[in-house]
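> Fold the following and give me the result.
(chains A and B)
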Amino acid sequence: MDTDVAALTTVFTEFYYWITVALMFLIHVGFCMYEVGASRRRNHMHTLMKNSMLIPLVTVTWFFFGWWIYWAFAGGPGITGPLGHPDPAVAAAYTPWGESMGPRLDDRISGVFWAAFLLFAWTAASIVSGAVIERIRHFAFWIFAVLIGSVTWSIDAAWGWHFNGWMVELLGYHDAYASGVIHGIAGGTALGVLVVLGPRLGKFAADGTPRDIVPHNTWLVCIGLFLIYTGFWGFYVACNVPLATTAYIDGQLTGATQTATTIYLTPTTLGAITVNFLMSLAGGMLVGYMVSKGDAFWTYSGGLAGIITASAGNDLYHPIQAMIIAGIGTFLMYKIHYWVERRFKVDDAVGAVAVHGYAGVIGLVLAGFVLWGHPSSPYEGFAAINPLGQLVGAVIMFGVLGFLPAWIIAKILHSQGLLRIPREIEVLGLDFLSNKEAEAARADVVAGVRSESAGA
Amino acid sequence: MSTTPIDSWAVDLANVTHIYPFAGAEGLMALIGIVLWLAWHVWQVRHENEILKDSVQKYGDEATLQNAIDDHH
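Numbering: from 1, shown residues only, chains lettered A, B, ... in the order given. Below you'll find the predicted structure:
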């Protein structure tokens, strides 16, 4: 920061990521509104606290090990490089005792960059939260929140969302705005938990026909989704590096033109992703409205699914491509959701597996065809984007790092009686005891007021 | 004397690195933080077990459950 240009560039970048963090907070506000709106009145506070407490838990674990994993696991380790590839000193700086983790005047970016990634981690955990409402134990959910928020998403980001990730290098994996690395893995994780957790009481009739457990407040659900859209702007912008010189990128690019880049350091523009975000939102909402015949919940969810489907390639797509891809993803995720519900009796309370998981996977696969041959990286020797690489990447995100670890942990928790609340509590409602205590407190106050007013 | 590396601002900022107190104790602080985090989970699961057990004992009778089903919302 010893020249005006260096100072402006640094402060701009610092402020840029800071703004994304503030915006991404809205995603969490939206998720809380959406989940509480989807739950029945008897479960409101439990639902709210389940989601809210992932904030401190993922935050501290992201500090303790999540951020280090991102910088240490890009090479596998052991696939394209050892632990800390390509620069072990950088990974060491992001251990909780590392030199880049505390306030420093010679490093103004690490803190805001850490926070932006943390907000992605909250989002990943929060996606899982909605699917499992009204029957999971807090303890169990918070274990899953730490699992996805500070371990598995961090590994998948190191592998497929890092300028030296082995999936980028070997597979040509391209996922600029996290169709797979956030949404695919979160959908897979939710599904892995759901198949062990089981449906809510009363969800399925004796013959297996699903019943519709209607959100207690659809209006709140939709406004929650609207807030998620708003926070999604921060999410998108945080996926970019705002200003990079070719010298900083240190790849095959030549000349002196500075540019915004994706997380892979491949050039794009803020304008490109802004238009594509809006066109994919539009494509998703139009198809969501059509396929659900005007249902508000699925129309809003369709907008989200549209963005998620197009996100893998929204740094490069033409806006009309983004719109059509979004529509395809939304249509398919809706159909798959109801097919899985009927066929496998999976009770995904808010459609999280569909909106995030299926749409994310579909988006990755479509990007492989539409962007076939485009360089995945500015560096020499990296595979180009291709359908097979994207398909393998989707399997890794949804299945290997999403479904599998969650299913294993769910099985372990289930075997210990720690996964699901007792049947009696589910019947009474999770807030039953606190409501009783509130009633008793109210009665006590009323008695006190009556007594004192009589004395006066 | 300062707990931070700075005991005067008569410095060239280009030479200033970290500004937090007790530098050198980062490993110990990380250990304390991790222990506190794990202890929180242990406390939480015990607390949750107690609450669930108490609730079932107090309100898990058939009549209360039936009322809760009838008053389903």
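
> The worst-scoring helix or strand of chain B on mean pLDDT: which residues count as buried?
Each helix and strand of chain B was given a mean pLDDT (mean pLDDT, DSSP states H and E); the minimum falls on helix B:62-70 at a mean of 91. Neighbour-count burial for helix B:62-70, counted by 16 or more other C-beta atoms under 10 Å in any protein chain shown, picks out B:Ala68. (C-beta placed from N, C-alpha, C; glycine too.)

> which sections of chain B are below the confidence cut-off?
In the prediction, chain B carries no residues with pLDDT under 70.

> need the residues of it near chain A, please.
Listed as neighbours of chain A in chain B under the rule C-beta under 8 Å from any C-beta of the partner chain: B:13-14, B:16-20, B:23, B:26-27, B:29-30, B:33-34, B:37, B:41, B:44-45, B:48, B:51-52, B:54-56, B:58-60, B:64-65, B:68-69, B:72-73.

> Could you rerun that using 6 Å?
Residues of chain B found near chain A, taking C-beta under 6 Å from any C-beta of the partner chain as the criterion, are B:13, B:16-20, B:26-27, B:30, B:34, B:37, B:45, B:48, B:52, B:55-56, B:59-60, B:65, B:68, B:73.

> Only whichever of the residues you listed are buried, select them in PyMOL.
Buried subset of the residues of chain B next to chain A, written as a PyMOL selection, criterion 16+ other C-beta under 10 Å:
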select buried, chain B and resi 18+26+30+34+37+45+48+52+55+56+59+60+68
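
> Narrow the residues of chain B next to chain A to those in helices?
The helices, defined by DSSP state H, take in B:26-27, B:30, B:34, B:37, B:45, B:48, B:52, B:55-56, B:59, B:65, B:68 from these.

> before we move on, which element is A:Val392 in?
helix A:387-394 (DSSP states H and E).

> and that helix, how far from the chain's centre?
20 Å (C-alpha atoms, centre = their mean, to the nearest Å).

> what's the least confident helix or strand of chain B packed up against?
Judged by 3 or more C-beta pairs under 6 Å, 6 or more residues apart in numbering or on different chains; DSSP states H and E, the packing partners of helix B:62-70 are helix A:423-428.

> Check the offset of the helix it packs on from the chain's centre.
Per C-alpha atoms, centre = their mean, the centroid offset for helix A:423-428 relative to its chain is 30 Å.

> Contacts (any at all) between chain B and it?
Yes: on the criterion C-beta under 6 Å from any C-beta, helix A:423-428 is in touch with chain B at A:Glu424, A:Ile425, A:Val427, A:Leu428.

> what's the answer for stretch A:77-93, then?
No: contact of stretch A:77-93 with chain B (C-beta under 6 Å from any C-beta) is absent, the minimum separation being 11.3 Å.

> then that stretch to CSV, C-alphas only?
In CSV, the C-alpha atoms belonging to stretch A:77-93 read as follows (Å, rounded to 0.1, in the frame of the first residue of the first chain):
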residue,chain,number,x,y,z
PRO,A,77,-3.5,-34.7,-1.2
GLY,A,78,-1.6,-37.2,-3.3
ILE,A,79,-3.4,-36.8,-6.6
THR,A,80,-1.6,-33.8,-8.2
GLY,A,81,0.4,-32.7,-5.2
PRO,A,82,1.1,-33.2,-1.5
LEU,A,83,-0.6,-31.6,1.4
GLY,A,84,-0.4,-27.8,0.9
HIS,A,85,0.0,-28.0,-2.9
PRO,A,86,1.1,-25.8,-4.6
ASP,A,87,2.6,-23.7,-1.7
PRO,A,88,2.7,-25.4,1.7
ALA,A,89,3.7,-22.0,3.3
VAL,A,90,0.3,-20.5,2.3
ALA,A,91,-1.6,-23.5,3.8
ALA,A,92,0.5,-23.2,7.0
ALA,A,93,-0.5,-19.5,7.2
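
> how about it: buried residues?
A:Ile79, A:Thr80, A:Gly81, A:Gly84, A:His85, A:Ala91, A:Ala92, A:Ala93.

> would you list those in a markdown table and tack on pLDDT and secondary structure?
A markdown table is the format used below for these (pLDDT from 0 to 100; DSSP: H, G, I helix; E, B strand; the rest coil):
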| residue | pLDDT | secondary structure |
| --- | --- | --- |
| A:Ile79 | 97 | coil |
| A:Thr80 | 97 | coil |
| A:Gly81 | 96 | coil |
| A:Gly84 | 95 | coil |
| A:His85 | 93 | coil |
| A:Ala91 | 97 | helix |
| A:Ala92 | 97 | helix |
| A:Ala93 | 97 | helix |
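
> Which residues of the stretch 301-450 of chain A lie near chain B?
So far as C-beta under 6 Å from any C-beta goes, the stretch 301-450 of chain A lies against chain B at A:Pro422, A:Glu424, A:Ile425, A:Val427, A:Leu428, A:Leu433.

> Can you tell me which of the residues you listed is closest to A:Ala145?
Nearest to A:Ala145 out of those is A:Ile425 (C-beta to C-beta; 20.7 Å).
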